[in-house]
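1. 3D model of this:
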Amino acid sequence: MDVLLIDDEASLRRTLRTTLEAMGHAVVEAGTREAALQQLHRRPADVALLDLRLGAGSGLDLLPELLQAAPELAVVVMTAYAAIDTAVEAMRRGAADYLPKPFTPDQLRVALNRCETVRRLQARVSDLQDELRAAVPGGDLFTREPAVQRVLDVAARVAGTDATVLLRGESGTGKGVLARAIHRQSGRAVRPFVTVSCPSLSAELLESDLFGHVKGAFTGAVRDADGKVAAAAGGTLFLDEIGDLPPALQPKLLRFLQDREYERVGETMTRTGDVRIVAATNRDLEADVAAGRFREDLFYRLNVIELRLPPLRDRPADLLPLARHLLGFFAAQTGRRVIGFTPEATATLQAHRWPGNVRELRNAVERAAILATGPEVGTADLPEAIGRGPAPPPGVGGRGTLDELEAEHIRRVLASAASLDEAAEVLGIDPSTLYRKRKKFGL
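-> A predicted model of the protein is given here:
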């Protein structure tokens, strides 16, 4: 962890710094209140070790200021004037732990381990809250279609192994949901599920996001950082849209898949990562291999177990049950008494081609659950595009909005470009900006 050491005795700071660095922590020192706040603003810390006697001042008075500047900071107070009332007051003001001087390295290690455990649990709770907000339990994986059921059966069988899985299918078919389901059914379920969005960053930043970096490795690298391989230790690493992985990063990922070895950006020390790999793509990887855009050996290394999720238009038996399931979920979530669809709305849902697949259906049903004025969703509650055929593309100078013009232009460039990098180049934007715009417009 990054530790901010706040003590007015230089000799004690030197001793503690040596001990902390031997434990593997990065240490920044401060001898005064002002220096401590400056250091905290300059470089965020995970833990602060705070002496309750700072010259003529009091660490108890500094404690609220530290927490105001960095609410996630864990503060461990230290004092040679140990007293129960002092400890109670420090904890009342927000301290995470309390160490009476003199303390041993083992006592210090125990206190820091507690802080790290709490930090990991808080991160896990945050991840679970995000997952709960984003997911409809069991909804996207509901099926009455034999073809989909076969996919889910194979997924259940391979979940208990560490085999690499490649999920294929159009955007919005539920590949991310299935990846999480595989993780939940595996022996790694108690460990993290970490997602890497391959098209979201430049090659350099994506390598750092994946493997981590050391301070000074590139502009903006102001501190050492572990990557998502380390964050997923013991769990599952989900490589979303792996077909858009930059060519420069493909051999490094291949090496990691083969040997589970990697180096952080700017570092020569080899590290190992214990993670299970699940990847997903909506691209034709065989065509990308033939065109030289994707390494053949990386493709075969990823394609150990291949699962193809069919588009929603090929799942007619699932459409209405899934729509009703989603309506029940969103009605309960929003507190609305909406129990079904009118016959006209049902026919509209069945007539639509669902190019956005389950994701488009979820968005449409969520909107309908909010807008419905009666116990049933009508056609007026559904998005205009549902069941009404494609709208004519907006033209320059016409009545379309700027967003509509931009979305249509990006859609046409994507259709004609051989890769996302080429599309970004044609559009005059970087790939990460294109990724954000695709998410914004549902492309």
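2. Below-threshold pLDDT in the stretch 251-400 of the chain: ranges please.
-> For the stretch 251-400 of the chain, the stretches with pLDDT under 70 are 387-400.
3. Repeat the analysis, applying 50 as the threshold.
-> For the stretch 251-400 of the chain, the stretches flagged by pLDDT under 50 are 389-391.
4. Do a quick rundown of the helices in it.
-> 285-290, 296-302, 316-334, 343-351, 357-371 (DSSP state H, counting those that start in this stretch).
5. Of those, flag the one that's most buried.
-> Among the helices of the stretch 251-400 of the chain, judged by mean count of other C-beta atoms under 10 Å, the one packed with the most neighbours on average is helix 357-371 (a mean of 21). (C-beta placed from N, C-alpha, C; glycine too.)
6. Contacts for that one, please.
-> Here helix 357-371 makes contact (C-beta atoms under 8 Å, 6 or more residues apart in numbering) with 136, 139-140, 170-174, 311-312, 319, 322-323, 326-327, 330-331, 333-334, 336, 338, 345, 354, 356, 377, 381-383, 386, 442.
7. Is Val77 in a helix, a strand, or coil?
-> Secondary structure, DSSP: H, G, I helix; E, B strand; the rest coil: Val77 is strand.
8. Show the model's pLDDT score for Glu116.
-> According to the prediction, Glu116 has pLDDT 87.
9. next one: Glu204
-> Looking at Glu204, the pLDDT reads 83.
10. try Glu131
-> According to the per-residue confidence, Glu131 scores 60 in pLDDT.
11. same check, this time on Ala82
-> Note for Ala82: predicted pLDDT of 56.
12. now the one 3 residues further on
-> Looking at Asp85, its pLDDT is 71.
13. what's the angle between the longest helix belonging to the chain and helix 316-334?
-> Longest helix in the chain, counting residues (DSSP state H): helix 105-134. Computed with axes from the mean of the first three to the mean of the last three C-alpha atoms, to 10 degrees, the direction of helix 105-134 lies at 120 degrees from that of helix 316-334.
14. what comes up buried for the following helix or strand past helix 105-134?
-> With elements assigned by DSSP states H and E, the helix or strand that comes after helix 105-134 is helix 146-159. Residues of helix 146-159 classed as buried: 148, 151-152, 155, 158-159 (neighbour count, 16 or more other C-beta atoms under 10 Å).
15. How about stretch 9-18?
-> 13, 16-17.
16. Narrow those to those in helices?
-> 13, 16-17.
17. what's the closest of the residues you listed to Phe256?
-> Minimum distance to Phe256 across these is 33.6 Å, recorded for Arg17 (C-beta to C-beta).
18. ok, the closest one - contacts?
-> Neighbours of Arg17 in contact, by C-beta under 8 Å, 6+ apart: 5, 27, 29.
19. who wins for neighbours among the residues you listed?
-> Leu5 (25 neighbours; other C-beta atoms under 10 Å).
20. Compute the inter-axis angle for the host helix or strand of it and helix 105-134.
-> Taking DSSP H and E as the criterion, Leu5 maps to strand 2-6. Strand 2-6 and helix 105-134 are oriented at 130 degrees to each other (the same axes, to 10 degrees).
21. Number of residues surrounding Val278?
-> Neighbours of Val278 under the rule other C-beta under 10 Å: 32.
22. what do you get for Phe238?
-> Count around Phe238 with other C-beta under 10 Å applied: 27.
23. Each with direction, which strands does the one helix or strand it maps to pair with?
-> Using DSSP H and E, Phe238 sits within strand 236-240. Counting by DSSP bridges, the strands paired with strand 236-240 are strand 193-197 (parallel), strand 276-281 (parallel).
24. circling back to that earlier point, TSV for the buried residues of helix 146-159, including pLDDT and distance to Ser197?
-> As requested, those are arranged in TSV below (pLDDT from 0 to 100; distance: C-beta to C-beta, whole Å):
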residue	pLDDT	distance to Ser197
Val148	93	25
Val151	95	23
Leu152	94	24
Ala155	95	22
Val158	96	23
Ala159	95	23
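25. how about the helix or strand where Leu206 lies: buried residues?
-> Assigned by DSSP H and E, Leu206 belongs to helix 203-211. Residues of helix 203-211 classed as buried: 203-204, 206-211 (neighbour count, 16+ other C-beta under 10 Å).
26. where does the stretch 51-200 of the chain have low pLDDT?
-> For the stretch 51-200 of the chain, applying pLDDT under 50 flags the ranges 137.
27. Try it again at 90.
-> Scanning the stretch 51-200 of the chain for pLDDT under 90 picks out 51-73, 77-103, 116-144, 171-172, 190-191, 199-200.
28. What lies in contact with whichever strand or helix holds Ala424?
-> If you go by DSSP H and E, Ala424 is part of helix 420-427. For helix 420-427, contacts defined as C-beta under 8 Å, 6+ apart pick out 199, 244, 246, 409-410, 413-414, 417, 430-431, 433-435.
29. Reformat these as CSV; add neighbour count and distance to Thr236.
-> Shown next, in CSV, are the contacts of helix 420-427 (neighbours: other C-beta atoms under 10 Å; distance: C-beta to C-beta, whole Å):
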residue, neighbour count, distance to Thr236
Pro199, 22, 20
Asp244, 23, 20
Pro246, 17, 22
His409, 15, 37
Ile410, 21, 32
Val413, 16, 34
Leu414, 18, 29
Ala417, 15, 31
Asp430, 13, 29
Pro431, 22, 25
Thr433, 13, 29
Leu434, 24, 27
Tyr435, 20, 22
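30. What is the most widely separated pair among the residues you listed?
-> Based on C-beta to C-beta, the longest span within the contacts of helix 420-427 runs between Pro246 and His409 and measures 24.1 Å.
31. mind putting the strands paired with strand 236-240 in a markdown table, distance to Ala232 included?
-> Converted to a markdown table, these look like this (distance: least, C-beta to C-beta, whole Å):
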| stretch | distance to Ala232 |
| --- | --- |
| strand 193-197 | 4 |
| strand 276-281 | 9 |
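32. Buried deepest among those strands, which one?
-> strand 276-281 (a mean of 26).
33. how much space is there between the residue nearest the centre of the chain and Ala233?
-> By C-alpha atoms, centre = their mean, the chain has its centre lying nearest to Thr195, at 4.8 Å. From Thr195 across to Ala233, the span is 15 Å (C-beta to C-beta, to the nearest Å).
34. and if you look at Ala217?
-> From Ala217 to Ala233 the distance is 21 Å (C-beta to C-beta).
35. Those two - which one has more neighbours?
-> Ala217 (18 against 15).
36. Please tell me I have it right and the more buried one contacts Leu205.
-> No. Using C-beta atoms under 8 Å as the test, Ala217 is too far from Leu205 to be in contact (10.9 Å).
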